[in-house]
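Novice: when you get a sec, could you give me coordinates for this:
(2 chains)
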Amino acid sequence: MTPEVKAKIDKLLTDNKVMVFMKGSKLMPQCGFSNNVVQILNTLGVPFETVDILADNDIRQGIKEYSNWPTIPQIYINGEFVGGSDIAIELYQSGELQQMVEVALAS
Amino acid sequence: MISPQQVETMIQEKLPNAEVKVVGDGEHFEAVIVCADFEGKSRVRQHQMVYATLQAEMASEAIHALSLKTYTPATWQAAGQPV
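Specialist: As a prediction, this is how the structure comes out:
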């Protein structure tokens, strides 16, 4: 990953408390796993931003190195990598995700 | 095309302490892994440990999607599913 790509990702994470790197857009997810994450965050009713990695190959590769995580989607809360679709579902079901998001938005 | 058994073997080789069960259609897989080495590690770290055993296959997208459920022996029992 080039320093430019890292800086770009750093800035996205600084600017957005809840950030999702996904395939497709919020309105038109291009993958079932990305769709899961969007639906969960919509259900929580919290503001979140997304990046379509299909439209940016540098970020598509870079984000996997950034988090040492080989798959998309990836959720970041307050700049910290939280997990992909499976972990998001587990955290949502246990109520932890709501808590994490509330803490982040209040900070 | 990779079989669920091959995925199971690859995980098992690198995590010899683990109980591994994989189902899948050749591209999309679901794996349940119970491993004492997960003790005291975050979910993200547990999944990273599993992904690391399949690095080449994930990078080449031979495995397009891998859904993971990771447990320690204790959390597995707590989930009501004794090994």
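
Novice: near chain B, which residues of chain A are found?
Specialist: Chain A comes close to chain B at residues A:33, A:68-71, A:81-87, A:90, as judged by C-beta under 8 Å from any C-beta of the partner chain. (Glycine included, C-beta is placed from N, CA and C.)

Novice: 7 Å instead, please
Specialist: A:33, A:68-70, A:81, A:83, A:86-87, A:90 (C-beta under 7 Å from any C-beta of the partner chain).

Novice: show me which residues of the strand or helix carrying B:Ala74 are buried.
Specialist: In this structure, B:Ala74 is located in helix B:73-78 according to DSSP states H and E. For helix B:73-78, burial by neighbour count (16 or more other C-beta atoms under 10 Å in any protein chain shown) applies to B:73, B:76.

Novice: stretch A:89-96 too?
Specialist: A:89, A:91-92.

Novice: other SSEs contacting the helix or strand bottoming out on mean pLDDT in chain B?
Specialist: Every helix and strand in chain B was compared by mean pLDDT, DSSP states H and E; the lowest is helix B:55-59, with a mean of 90. Helices and strands touching helix B:55-59, as assessed by 3 or more C-beta pairs under 7 Å, 6 or more residues apart in numbering or on different chains; DSSP states H and E, are absent.

Novice: which residues in chain A form strands?
Specialist: Ranges of strands in chain A, per DSSP state E, are A:18-22, A:49-52, A:74-77, A:80-83.

Novice: wait, A:Gly83 touches A:Pro73, no?
Specialist: No - the criterion here is C-beta atoms under 7 Å, and A:Gly83 misses it with A:Pro73 at 9.4 Å.

Novice: if we can go back for a sec, so of the buried residues of stretch A:89-96, which ones are in helices?
Specialist: Counted as lying in helices by DSSP state H, out of those, are A:89, A:91-92.

Novice: nearest to chain B, out of the buried residues of stretch A:89-96: which one, please.
Specialist: Nearest to chain B out of these is A:Leu91 (C-beta to the nearest C-beta; 8.1 Å).

Novice: figure out which of the strands of chain A is closest to B:Cys35.
Specialist: strand A:80-83 (17.8 Å; C-beta to C-beta).

Novice: chain A contacts on chain B?
Specialist: B:43-44, B:47-48, B:51, B:58-59, B:65, B:67-69.

Novice: cutoff 10 Å now
Specialist: Proximity of chain B to chain A (C-beta under 10 Å from any C-beta of the partner chain) is limited to residues B:28, B:30, B:42-48, B:51-52, B:54-55, B:57-59, B:61, B:63-70.

Novice: quick check: PyMOL command selecting the buried ones in those residues.
Specialist: Selecting only the buried entries of the residues of chain B next to chain A in PyMOL, with 16+ other C-beta under 10 Å as the criterion:
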select buried, chain B and resi 30+43+44+46+47+48+51+54+57+58+63+65+66+67+68+69+70
